[in-house]
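> sequence? don't have it. structure:
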């Protein structure tokens with residue numbers, strides 16, 4: 001079996017990692033308090049790393065030279081109770097793999113289950129053609145950023161062949177959708193604009209989302225999503241606001257109540273992650289939540305970092321959420337005033353006599369212009385000198401003029417005499433605004449947004465158009481998104497994005513309409529946490545198993561956004577198993593429908609019933625080969641005309657899980 005090591009996932013999440021005290025632990029186990037491996041500290045704020053990455057951000061090494069983690073490429077058993085060693089159950093396992101894409105699951109690539117996603121001749125994930133080139137010199141990056149690096153080589157060739165190379169701009173998104181012609185090979189319907197829009201701009205389409213798009217129209221739905229304050233809070237959001245009690249607290253409130261909260265096992269950084277999961281699952285403000293997730297990767301601060309226990313939620317609330325559909329320049333300036341970012345990158349330790357480059361480097365490399373995109377090491381040093389004086393005192397941002405370097409600075413065309421310490425803070429903010437509005441930042445932002453929403457290798461024509469809008473509109477994010485949605489490249493990219501593990505889970509739960517309230521039968525001995533908060537904790541731990549819990553990546557580059565970073569047969573099967581847990585009500589803290597109740601008045605024949613289920617759950621009608629494979633999970637003799645009852649003759653849960661194993665559900 002070919003295996004592929006992913007240094008951005010495996011080394012930190014599946015294999016675990018060692019903290020500075022020498023303790024080794026698995027991610028997702030234990031209480032995430034200071035000293036726990038989920039907290040990141042130490043030099044550069046990155047914690048203990050498995051190898052020198054040559055500094056922060058996108059420096060890439062030959063995966064074959066890296067230590068391998070646990071289970072990469074392995075194929076665990078499906079954990080349904082009746083999956084024993086009987087031949088009939090081996091048949092079920094084989095059928096599940098076939099539904100997911102045949103031998104693809106056996107070559108270590110979950111994304112390769114989506115065989116139509118790739119052009120002919122694409123190499124399986126895990127072959128040498130899939131690996132980025134080695135970097136011998138730490139001062140020379142392999143590629144511009146991690147997404148482009150991961151898509152280099154034959155692993156990305158198929159997607160490049162399938163991706164439109166050019167496109168046209170129209171007055172509205174609806175006009176662009178109408179004029180788009182999907183030429184790529186894909187299993188998804190090519191002219192279902194509502195499904196495509198919902199799949200890309202939400203954490204998973206469900207009947208309500210599709211209904212809203214059809215009712216409001218493409219333009220009306222997008223306009224409403226770009227004004228999230230006009231969309232009422234759902235029941236799940238209201239519960240999250242009320243029951244995740246620390247999320248809205250100020251630093252002073254958290255500090256005053258910390259001892260009491262600790263005794264109850266309630267921690268603000270932990271509740272921040274649970275709050276984000278609740279929003280992704282239950283909010284109707286889906287585009288807003290997608291943008292919050294995007295910026296928590298783009299301007300990443302690790303959720304569990306020593307010293308930030310009481311401030312990380314504020315960074316999410318006052319920096320990311322406040323500006324996610326505003327102007328990036330304002331977000332960037334706010335971030336550089338926030339104690340969570342300053343402490344994460346050790347800025348509080350940077351003084352005029354002992355300068356720390358961490359924040360200055362990441363401001364260039366990750367948060368604005370992109371790695372080695374118009375700056376050099378002299379620029380980094382000059383920026384670090386300029387940023388001295390920014391610090392943290394009592395978990396609050398403070399400017400310390402006595403620690404500010406005074407003297408002329410020149411960074412990527414920005415120059416200033418920087419003549420006195422008292423005025424240093426204003427010079428710093430002028431520099432931040434210069435960086436955030438730089439043309440290279442415009443292109444880097446456009447590239448990342450297009451990678452998230454359009455294709456792992458987005459068309460240059462689209463990126464150019466989005467970058468121009470970014471410059472013209474002075475970093476206004478809704479304007480950039482509107483440009484993206486008003487071009488044919490977006491609408492012609494059907495089948496060009498695979499869901500990352502966290503996106504797969506949320507899409508599954510949303511398709512099943514999992515409810516935020518616990519059933520009346522639920523009981524718990526934990527009186528300090530509501531059932532929903534407990535359930536969100538269970539989901540958080542599952543996402544940690546996947547290596548994709550919100551904001552939990554230790555390093556500052558954020559989660560990669562391309563399929564090759566997440567190709568793992570073990571992860572794929574783990575996703576299917578978790579889908580089965582949701583289908584059968586295994587998350588007892590939430591309300592769910594029994595699978596036999598998903599379709600009201602189900603058809604009396606197997607083929608028609610399966611069509612009704614796939615239309616409701618994944619908004620498609622499957623091809624005959626996949627229909628046959630799913631029906632044979634229930635019985636080797638079942639055909640489309642076989643009479644069935646509401647339980648699908650006892651196989652309804654297995655059928656629904658098989659639907660969620662199809663490429664149609666893995667694709668966004």
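Thanks, I have the structure now. All values derive from a computational prediction rather than experimental measurement. Residues are numbered from 1 along each chain as shown.

> longest helix of the chain?
helix 207-225 (DSSP state H).

> Now it: buried residues?
For helix 207-225, burial by neighbour count (16 or more other C-beta atoms under 10 Å) applies to 209, 210, 212, 213, 218, 219, 221, 222, 223, 224, 225. For the C-beta atoms, the positions are set from N, CA and C on the backbone; glycine is no exception.

> Might you report the residue contacts of the third one?
Applying C-beta atoms under 8 Å, 6 or more residues apart in numbering, one finds that residue 212 lies in contact with residue 221.

> Skipping its backbone neighbours, what lies nearest residue 638 in space?
residue 631 (4.3 Å; C-beta to C-beta, 6 or more residues apart in numbering).

> on that earlier part again, taking the buried residues of helix 207-225, tell me the two that lie furthest apart.
Of all pairs drawn from the buried residues of helix 207-225, the one with the longest distance (C-beta to C-beta) is 210 and 223, at 17.4 Å.

> returning to that earlier point: buried residues in the helix or strand harbouring the residue nearest to residue 638?
Secondary structure assignment for residue 631, by DSSP states H and E: helix 624-634. Using 16+ other C-beta under 10 Å as the test for burial, helix 624-634 gives 626, 627, 628, 629, 630, 631, 632, 633, 634.

> Might one say that the first one is in contact with residue 665?
This means residue 626. No. The criterion here is C-beta atoms under 8 Å, and residue 626 misses it with residue 665 at 11.5 Å.

> Counting neighbours, what do you get for residue 403?
18 (other C-beta atoms under 10 Å).

> Could you report the pLDDT at it?
Looking at residue 403, its pLDDT is 97.

> so what's it up against?
351, 352, 388, 389, 391.

> how close does the residue nearest to it when sequence neighbours are not counted get to residue 407?
Ranked by C-beta to C-beta, 6+ apart and with sequence neighbours excluded, the top spatial neighbour of residue 403 is residue 351, at 4.3 Å. Note on residue 351: its distance to residue 407, by C-beta to C-beta, to the nearest Å, is 15 Å.

> List phi and psi for residue 409.
Backbone torsions of residue 409, given as degrees, to the nearest 10, read phi -130, psi 150.

> That one and residue 384 touch, don't they?
No. With contact defined as C-beta under 8 Å, residue 409 does not count as touching residue 384 (10.0 Å).

> surely residue 311 meets residue 344?
No. Applying C-beta under 8 Å as the test, residue 311 and residue 344 come out as separate, 9.6 Å apart.

> SS state for residue 392?
strand (DSSP: H, G, I helix; E, B strand; the rest coil).

> Contact partners for it?
Neighbouring residues of residue 392 by C-beta under 8 Å, 6+ apart: 339, 342, 343, 347, 348, 398.

> Could you say which of those residues is surrounded by the most neighbours?
When neighbours are counted by other C-beta under 10 Å, residue 342 leads those with 27 neighbours.

> From residue 367, how far off is that one?
Per C-beta to C-beta, residue 342 is found 13 Å from residue 367.

> what stretches of the stretch 401-550 of the chain score poorly on pLDDT?
For the stretch 401-550 of the chain, applying pLDDT under 70 flags no range at all.

> which secondary structure element contains the nearest residue to residue 268 once chain neighbours are set aside?
Nearest residue to residue 268, sequence neighbours excluded (C-beta to C-beta, 6+ apart): residue 246, at 4.1 Å. Applying DSSP H and E as the criterion places residue 246 outside every helix and strand.

> these two touch, right, residue 246 and residue 313?
Yes. At 6.8 Å, residue 246 counts as touching residue 313 under the criterion of C-beta under 8 Å.

> what is in contact with these two at once?
In contact with both residue 246 and residue 313: 268, 271, 272, using C-beta under 8 Å, 6+ apart.

> What residues of stretch 481-494 count as buried?
Neighbour-count burial for stretch 481-494 flags 481-494 (criterion: 16+ other C-beta under 10 Å).

> Among these, which one sits closest to residue 188?
Closest approach to residue 188 among the buried residues of stretch 481-494 (C-beta to C-beta): residue 494, at 5.2 Å.

> Surely that closest one is in a helix?
No. Counting by three-state DSSP, residue 494 is not part of a helix but coil.

> And it, how close does it get to residue 626?
Applying C-beta to C-beta, the value for residue 494 to residue 626 is 18 Å.

> Equivalent analysis for residue 191, please.
Relative to residue 626, and taking C-beta to C-beta, residue 191 is found at 20 Å.

> Please apply the same query to residue 586.
Counting by C-beta to C-beta - residue 586 and residue 626 are separated by 25 Å.

> next one: residue 235
Applying C-beta to C-beta, the value for residue 235 to residue 626 is 35 Å.

> next one: residue 593
Counting by C-beta to C-beta - residue 593 and residue 626 are separated by 24 Å.

> Return the list of helices and strands in contact with whichever helix or strand residue 471 is part of.
Here residue 471, judged by DSSP H and E, is contained in helix 460-472. Counting contacts by 3 or more C-beta pairs under 8 Å, 6 or more residues apart in numbering; DSSP states H and E, helix 460-472 packs against helix 439-453, helix 477-485, helix 488-491.

> Okay, angle between that helix and helix 439-453 too, please.
Angle between the axes of helix 460-472 and helix 439-453 is 130 degrees (criterion: axes from the mean of the first three to the mean of the last three C-alpha atoms, to 10 degrees).

> who's in contact with helix 460-472?
165-167, 169, 328, 437, 439, 441-443, 445-447, 449-450, 454, 476, 479-480, 482-484, 487, 489-490.

> Can you say which of the residues you listed are buried?
Using 16+ other C-beta under 10 Å, the buried members of the contacts of helix 460-472 are 167, 328, 437, 441-443, 445-447, 449-450, 454, 476, 479-480, 482-484, 487, 489-490.

> got a list of what residue 441 touches?
Per C-beta under 8 Å, 6+ apart, neighbours of residue 441: 328, 368, 369, 370, 435, 470, 475.

> Could you single out the nearest of those to residue 648?
For the contacts of residue 441, the nearest to residue 648 is residue 328 (49.3 Å; C-beta to C-beta).

> Need the nearest residue in space to the closest one, chain neighbours excluded.
residue 475 (4.0 Å).

> thinking the one you found is in contact with residue 329, fair?
Yes. Residue 475 lies in contact with residue 329 (C-beta under 8 Å); the separation is 4.5 Å.

> hey, what's in contact with both of these two?
436, 437.

> And for residue 264, the neighbour number?
Neighbours around residue 264, by other C-beta under 10 Å: 13.

> Check the one 4 residues further on too.
When counting by other C-beta under 10 Å, one arrives at 25 neighbours for residue 268.

> what do you get for residue 435?
24.

> what sits against it?
332, 363, 364, 368, 369, 412, 414, 441.

> just checking, which of the residues you listed belong to helices?
332, 363, 364, 441.

> which residues in the stretch 151-300 of the chain form helices?
157-162, 173-179, 193-201, 207-225, 235-243, 251-263, 268-282, 286-298 (DSSP state H, counting those that start in this stretch).

> Give me the mean pLDDT for the first one.
Across helix 157-162, the average pLDDT comes to 72.

> Specify the beta-bridge partners of the residue nearest to residue 403.
residue 354 (DSSP bridges).
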